[in-house]
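Student: Using only what follows, build the 3D model:
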Amino acid sequence: MNRAILEGLKKRVSGALGAWVDELPSVLWVLRMTLKTALEESLFSLTFGTKSVLPPEMVFPTLCTVTYEQDNSEEGLKANLDLLEERRAEAHLRTLAYKKAMTRIYNRKVCL
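Tutor: The predicted structure follows:
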């Protein structure tokens, strides 16, 4: 995770030594919203049980933001919270399978 943060900061700052402080929140936000390969979920969705609405979707309306209804949204959020533990367990199993596959590939390539 630290490596990903440093890479994100290097891409955004590129020379100004003190500018990393201003860019750090946006880099962390990107890392939380990005789908992870092993999890097939974003960290935000595993924490809060729902997908996030990205800032461009607020500026340029999408079908999701145009058809938004507060009452239905609250019911959906409650349902998502009920299923959150199950989604976390599934993500954990996918992570274990991913690590096992990566270990198998690595061990196949290593010469003893």
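Student: Contacts only, for residue 31.
Tutor: Contact partners of residue 31, counting by CB atoms under 8 Å, 6 or more residues apart in numbering, are 1, 4-5, 8, 43. In short, each C-beta sits where N, CA and C put it, glycine included.
Student: State the helix or strand in which it lies.
Tutor: helix 20-33 (DSSP states H and E).
Student: residues making contact with the helix or strand following that helix?
Tutor: Counting by DSSP H and E, the element after helix 20-33 in chain order, helix or strand, is helix 43-48. With contact meaning CB under 8 Å, 6+ apart, helix 43-48 is reached by 31-33, 36, 39, 51-52, 84, 87-88, 91.
Student: rerun that using 10 Å as the cut-off
Tutor: Outside of helix 43-48, the residues within contact range by CB atoms under 10 Å, 6 or more residues apart in numbering are 1, 29, 31-36, 39, 41-42, 50-52, 77, 80-81, 84, 87-88, 91-92.
Student: Thanks again, I'm all set now.
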